[in-house]
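# Next input, structure requested:
(2 chains)
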Amino acid sequence: MLEFLRSWTINIVTLVIFIVLLEILVPKGKIKKFINLVSGFILIIAIVNPLLGTMKNGIELKEFQVANSNFMDRKEIEQSGKILEEKQMKQITDVYRNKVIGQIEEHTKTINGIGDVQADVIINEDYKSQNFGEIKRVYLKLSMNNKNSVVKPVSRIEKVKVQTGNKNISTAIKKENNEIKDAGLKNKIEDKIAKLLDIKKENIVINISQ
Amino acid sequence: MEILQIVGIGIVATILIAVLKTQRPEISLQVSILTGVVIFLLVASKLSAIISILDSYSKKVNIDTVYLATLLKIIGIAYIAEFGAEVCKDAGEGAIASKIELAGKVVIVALAVPIITSLLELIIKIMP
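Residues are numbered from 1 along each chain as shown, chains lettered A, B, ... in the order given. Got it, this is the predicted structure:
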């Protein structure tokens, strides 16, 4: 008992002296309060823990330290792992998206009469969902190949009403012919892309650049 | 007499900064940071000696080294954070300085978590 009291007193006194010395070294700022708090906690533990230890009820501080720092490390790693996973999935999605765009452009260019193609796709980027990577919408911007073109992009023409001659009639017929051919090409492109990507035709938006 | 060296460096740097502040404020800031680092390095070796002595005494009297190691880590973090914050304040960046202080506090609390939890555990054990 006497030995215990001796070591307990020495412990407390040394710790108090150390804390006082260290507090002199602490820079005076807003952080000083935190250091005072922590050193106070340490002092309380140093006073109470040996007393409880005699009743075989004390705690092993080292075990606590290891357990707590392990827990915090694990949480930190989990957090950074999540961030990494998100980054990785974003990169994968970007690569996939670019590949799909490339395929669409390549396949559309093979259709007769199409010059240049610019494609864009909207895909399901939520990697937690079951439909991750599903193509939701396809946008195509086409420019027609003028040399071999069957269809030229034509802006809508108002009916020209000229009293004399048959000019007005011929213009109207021309316009109708263009629309029919345009729709045919559109169908062809839509069919090809729908088959290629397994999506519905209504999700394909085609624009012709003038 | 290291204190004379340190005070000399400090006074020379202050005069330089006072002269440069009106003409070239950006250089005066660099001089101030450099002086801070030099003074800190001059003192660092003595500080490490003090800490190693304290550490050896703690081993002699059988104090749990967990307490002291944590306390020393906290003081080191406080020093570094305060140093960074003061440099930022000198440069007129009070917002960044307060962010550095916040970061220092967060790291200190993270280090103090085992101490706080062990204290709570003790309290729980004391309660019947």
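# how far out from the middle of the chain is the longest helix seen in chain A?
Using DSSP state H to define each element, chain A has its longest helix at helix A:61-109. From the chain centre to the centre of helix A:61-109 is a distance of 9 Å (C-alpha atoms, centre = their mean, to the nearest Å).
# cool, stretch A:22-30 as well?
Centroid displacement of stretch A:22-30 relative to its chain, using C-alpha atoms, centre = their mean, is 44 Å.
# what's the neighbour count on residue 75?
Since you didn't name a chain, this refers to chain A. A:K75 is flanked by 10 other residues according to other C-beta atoms under 10 Å in any protein chain shown. Quick note: C-beta positions are derived from backbone N, CA and C, even for glycine.
# not what I meant, chain B
B:I75 has 22 nearby residues by other C-beta under 10 Å.
# any weak-confidence spans in the chain?
The chain I'm using is chain A. Applying pLDDT under 70 to chain A flags the ranges A:54-62, A:64-65, A:146-158, A:160-182, A:210.
# my bad, the chain I had in mind was chain B
B:128.
# Can you tell me the element A:I12 falls in?
Following DSSP states H and E, one finds A:I12 within helix A:2-25.
# how big is the angle separating the next helix or strand after that helix from helix A:61-109?
Next along the chain after helix A:2-25, taking DSSP H and E as the criterion, comes helix A:32-54. If you take axes from the mean of the first three to the mean of the last three C-alpha atoms, to 10 degrees, helix A:32-54 sits at 120 degrees to helix A:61-109.
# same for helix A:32-54, what does it pack against?
Contact analysis of helix A:32-54 by 3 or more C-beta pairs under 8 Å, 6 or more residues apart in numbering or on different chains; DSSP states H and E lists helix A:2-25, helix B:65-90, helix B:94-126 as its packing neighbours.
# Kindly reformat those helices as JSON lines containing distance to B:S56.
Supplementary listing: the helices and strands packed on helix A:32-54 in JSON lines, determined by distance: least, C-beta to C-beta, whole Å:
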{"stretch": "helix A:2-25", "distance to B:S56": "12"}
{"stretch": "helix B:65-90", "distance to B:S56": "11"}
{"stretch": "helix B:94-126", "distance to B:S56": "22"}
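# any idea which of those is most buried?
Ranked by average neighbour count under the criterion mean count of other C-beta atoms under 10 Å in any protein chain shown, those are headed by helix B:65-90 at a mean of 19.
# and the angle for that helix with helix A:61-109?
50 degrees.
# is chain A contacted by helix B:65-90?
Yes. Looking at helix B:65-90 against chain A by C-beta under 8 Å from any C-beta of the partner chain, the contacts come from B:66-68, B:70-72, B:74-75, B:78-79, B:81-83, B:85.
# Okay, now the sheet partners of the helix or strand just after the longest helix of chain A, with direction.
With elements assigned by DSSP H and E, the helix or strand that comes after helix A:61-109 is strand A:114-123. Paired neighbours of strand A:114-123 in the sheet (DSSP bridges): strand A:135-144 (antiparallel).
# Does A:I199 belong to a helix, a strand or coil?
At A:I199 the chain is in coil, as set by DSSP: H, G, I helix; E, B strand; the rest coil.
# so who does it touch?
Taking C-beta atoms under 8 Å, 6 or more residues apart in numbering or on different chains, we find A:I199 in contact with A:135-136, A:138, A:193.
# longest single helix anywhere in chain B?
Chain B, longest helix under DSSP H: helix B:25-60.
# And the residue nearest the centre of chain A?
Centroid check for chain A by C-alpha atoms, centre = their mean gives A:K90 as the closest residue, at 5.0 Å.
# do chain B as well
Among the residues of chain B, the one closest to the centroid is B:Y79, at 0.7 Å (C-alpha atoms, centre = their mean).
# on that earlier part again, which one of the helices and strands packed on helix A:32-54 lies nearest to A:T110?
Of all these, it is helix B:94-126 that lies closest to A:T110, at 56.6 Å by C-beta to C-beta.
# Flag every residue of chain A that's near chain B.
Counting by C-beta under 8 Å from any C-beta, chain A sits next to chain B at A:7, A:10-11, A:14-15, A:18-19, A:21-22, A:25-27, A:29-32, A:34-35, A:37-39, A:41-42, A:44-46, A:48-49, A:52, A:57-59, A:61-62, A:64-65, A:67-69, A:72.
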